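Asks: below: sequence and its predicted model.
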Amino acid sequence: MSDFDGMEELLQDFLIEAGDLLSSVENGLVDLEQAPDNKKLLDDIFRGFHTIKGGAGFLAATELVTLCHHTESLFDLLRTGKLRVTSGTMDVILDAATAVRSMFAEMEQNILPKPADASLLVRLEAVIEGEPISTASALTAAMVAPLSTAGEKPVAVEPNWTQLYGAITGAGVVKAPPVPQLRVEAEEKIIQQAIGRRKTDRPGNSAPAGRRDNEKNRDNTIRVDTVRLDQVLNLSGEIGLTKNRLTSLRSDILSDKRDKATLQALDQAVDQLDLLVSNLQNAVMKTRMQPVGRLFQKYPRIARDLARALGKEVELRLIGEETEIDKTMIEDISDPIIHLIRNAIDHGVESTEQRIAAGKSEMSLVCLEAYQDGDHIVIKVSDDGSGMQPELLRAKAVQKGLISQEAADTMDEKQSFNLIFLPGFSTKDVASDVSGRGVGMDVVRTNIRKLNGSIDIVSVSGKGSTFAISLPLTLAILPVLVVLLGEQPFAVPLSMVREILLIDINHVQEIGGRATMVVRGDAMPIYPLSNLMGWESQQIPEYGILMHSTGQTFILAVDRFLGREDAVIKSLEGFRPEGIAGVSTMATGEIVLIADMKELMAKRAATCAVPRSTFFSALPTAA
């Protein structure tokens, strides 16, 4: 039974609009903490909360209205100058914003939100009454029960009226409990407080730890500019007219009207249809593109809370928020960015004392930037912290048993930086609630690879580090090179292709027991596609594709080429052979298997490079 019978559509509209408003309010609060005298910003925040309260009132969400009203009263005092913006005040307001988001989560389940936590309302009232933050904390302790052990809910008790009287009047000898020191919160708790609980985290839907990614509930809605929809509609109309023209020509041809003018008209109609379909495809793809700013808007609050928990002063600067990214990628890239921001604040930037000693400003800077580079989107997370030292990374990896000393001695700077992506790698000897378990960066790279993306690191000791994520513009259409293995066509991502080569036996050498070819002075290993797929080879491959994947360059040996195509990827529901990312259909109707080169190289490359004598046994022996 829904508490919003007859208002479901209004409820959904409210949750979408109010969710965006609340994100803007939270970002504004983070900015306001840095610029407390910015009256325009404070007015914008006030209007945001007032709008949320109005929508909640229309839906009869009384408890949400009450919480918004208390918070709005506090904003009014800040606007009129009767209260000053302080970090303590911001903590109370941000806690109220978190509670509002939790109420949104309840409303998503079609139930009216429960009352806000009593301690939060007491703290808001105390601040409104002008009580110092420490006294407000004392009032909270007097009015509500102390928190029980981890994982349990607070238990309501009778207020301690003596202590409450003493806290208000200052009379008697009753001392307010000391304000607890700010402790480092677990990353998951801070992030969930900032962006709200997921639907699967609500009571009755608890999931075991570690299953967060599998349980994630995706947002299947999308906002589209009406101009783009109009373009799609106009193109659809023109395609309809062209279809009618083709139908008429088909009738003429079936009636044996095959003169030169009719055939020319047919060619023109087909060319027109081809152009219109291409334009429609591009227009539809643009409807999937969303400003990356909608993804970025939740990070300032997360960065603020993490920095405050770690006792650091950090400014998160957002650049390129207007850059557009495929909607299907937004949720998948969210967690990797959170990990990178967390690592930048925890590992990258120094403490205030260390920065002063190094001659840096007390406020550290973390930048989150997005821009389009050709057919890719680049997202960078950079900091002005201490940077990374390759020799220390190698030593730590050897100490943890992740690599051998011999391997460490042969690594260059880039390979050393990439050690942080190894499972189990961490520069910390003791794990904290925020980091140190060696799983975060491994998750980052894994999730980015699932999106056919890559991540690169640039770091200068004492200057800072930059992590650059490169993603394809869209996952729906993939430019590919179609090759043949026997009679079966395969498609490999064109973004990985560097060059097409003829495999000449006279240029093939054997190095370390593997067939290789020298390309512009560099020896490249040869991997037959048949071996990577685990198929029995039917013929000697004649062509090679110089490719770059997962940090290595190699030659993929194939039988023949069919050319370049834009593949519309279709996933294999319920059945996905190893090394196959999906399928597509050629113009002839033939099925094309899209090779997952990253997976093939990660799982099979170590055993698939073959000796020269075996690979070319059917060819004449070279001199």
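Replies: Done, it's in. Residues are numbered from 1 along each chain as shown.
Asks: now Pro525. Its backbone dihedrals?
Replies: phi -70, psi 150 (degrees, to the nearest 10).
Asks: can you pull the contacts of it?
Replies: For Pro525, the contact set (CB atoms under 8 Å, 6 or more residues apart in numbering) comprises Arg514, Ala515, Thr516, Phe554, Ile555, Ala609. For every residue, glycine as well, the C-beta is placed using N, CA and C.
Asks: quickly list what the first one is bridged to.
Replies: Okay, so that is Arg514. Ile511 (DSSP bridges).
Asks: renumber starting at 27 from here on
Replies: OK, 27 is where the count begins now, so the last one is Arg540.
Asks: neighbours of it, how many?
Replies: 17 (other CB atoms under 10 Å).
Asks: equivalent analysis for the second one, please.
Replies: Other residues within reach of Ala541, judged by other CB under 10 Å, total 24.
Asks: which stretches of the stretch 27-176 of the chain have low pLDDT?
Replies: 27, 158-176 (pLDDT under 70).
Asks: now the helices for it?
Replies: 34-60, 65-84, 88-105, 113-134, 144-154, 159-169 (DSSP state H, counting those that start in this stretch).
Asks: can you lay out the ones you listed as JSON lines showing mean neighbour count and distance to Asp331?
Replies: Below are the helices of the stretch 27-176 of the chain laid out as JSON lines (neighbours: other CB atoms under 10 Å; distance: least, CB to CB, whole Å):
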{"stretch": "helix 34-60", "mean neighbour count": "18", "distance to Asp331": "9"}
{"stretch": "helix 65-84", "mean neighbour count": "18", "distance to Asp331": "17"}
{"stretch": "helix 88-105", "mean neighbour count": "19", "distance to Asp331": "18"}
{"stretch": "helix 113-134", "mean neighbour count": "20", "distance to Asp331": "8"}
{"stretch": "helix 144-154", "mean neighbour count": "20", "distance to Asp331": "16"}
{"stretch": "helix 159-169", "mean neighbour count": "20", "distance to Asp331": "17"}
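Asks: okay, those in TSV with distance to Tyr569 next?
Replies: Converted to TSV, the helices of the stretch 27-176 of the chain look like this (distance: least, CB to CB, whole Å):
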stretch	distance to Tyr569
helix 34-60	51
helix 65-84	60
helix 88-105	65
helix 113-134	54
helix 144-154	67
helix 159-169	71
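Asks: who are the contact partners of the residue nearest to the spatial centre of the chain?
Replies: Closest residue to the average C-alpha location of the chain: Ile359 at 1.6 Å, with CA atoms, centre = their mean. Applying CB under 8 Å, 6+ apart to Ile359 gives the contacts Leu321, Ile351, Ile405, Asn473, Ile474, Leu477, Ile495, Leu497.
Asks: nearest to Leu267 among those?
Replies: Ile351 (33.9 Å; CB to CB).
Asks: elements contacting the helix or strand encompassing that closest one?
Replies: Assigned by DSSP states H and E, Ile351 belongs to strand 350-352. The criterion is 3 or more CB pairs under 8 Å, 6 or more residues apart in numbering; DSSP states H and E, and the helices and strands that strand 350-352 contacts are strand 315-317.
Asks: residues making contact with the strand it packs on?
Replies: Ile248, Arg249, Glu347, Glu348, Thr349, Glu350, Ile351, Asp352, Lys353, Ile356, Leu499, Thr500.
Asks: list phi and psi for the first one.
Replies: For Ile248, the backbone dihedrals (degrees, to the nearest 10) come out as phi -150, psi 140.
Asks: swap in Met33?
Replies: Torsion angles, degrees, to the nearest 10, at Met33: phi -120, psi 20.
Asks: just Ile265 next, same as before
Replies: phi -70, psi -40.
Asks: check contacts around it.
Replies: Leu299, Leu302, Val303, Leu306.
Asks: pretty sure the last one sits in a helix.
Replies: This points to Leu306. Yes - assessed with DSSP: H, G, I helix; E, B strand; the rest coil, Leu306 lies in a helix.
Asks: neighbours of it, how many?
Replies: Neighbours of Leu306 (other CB under 10 Å): 17.
Asks: quick one: it from Lys312, how far?
Replies: Look at Leu306 and Lys312: by CB to CB, to the nearest Å, they are 11 Å apart.
Asks: Pro554 now?
Replies: Counting by CB to CB - Pro554 and Lys312 are separated by 40 Å.
Asks: more crowded one of the two?
Replies: Taking neighbours as other CB under 10 Å, Pro554 and Lys312 compare with Pro554 leading, 24 against 16.
Asks: from Phe75, how far off is the more buried one?
Replies: Pro554 is 63 Å from Phe75, by CB to CB.
Asks: ok, now Ala82?
Replies: From Ala82 to Phe75 the distance is 10 Å (CB to CB).
Asks: repeat for His96
Replies: With CB to CB as the criterion, His96 and Phe75 are 10 Å apart.
Asks: gap between Val609 and Val506?
Replies: From Val609 over to Val506 (counting by CB to CB), the distance is 12 Å.
Asks: tell me the contacts of the spatially closest residue to Gly45 that is not a sequence neighbour?
Replies: Leaving aside its sequence neighbours, Gly45 sits nearest to Phe130 (CB to CB, 6 or more residues apart in numbering; 6.3 Å). Counting by CB under 8 Å, 6+ apart, Phe130 touches Leu41, Ala44, Gly45, Leu48, Gly222.
Asks: was I right to think the fourth one contacts Val126?
Replies: Just to be clear, that refers to Leu48. Yes - counting by CB atoms under 8 Å, Leu48 does reach Val126; the two are 6.1 Å apart.
Asks: next, show the common contact partners of these two.
Replies: Ile78.
Asks: how near is the spatially most distant residue from the centre of the chain to Gln290?
Replies: The outermost residue of the chain relative to its centre, with distances by CA atoms, centre = their mean, is Asp282 at 58.8 Å. The gap separating Asp282 from Gln290 is 17 Å, by CB to CB.
Asks: still on that earlier bit, shared neighbours of Val609 and Val506, anything?
Replies: Val618, Ile620.
Asks: got the residue ranges for the helices in the stretch 377-526 of the chain?
Replies: 378-383, 416-425, 431-435, 439-443, 466-476.
Asks: mean pLDDT for the ones you listed: which is lowest?
Replies: Out of the helices of the stretch 377-526 of the chain, helix 466-476 stands lowest, with a mean of 81 (criterion: mean pLDDT).
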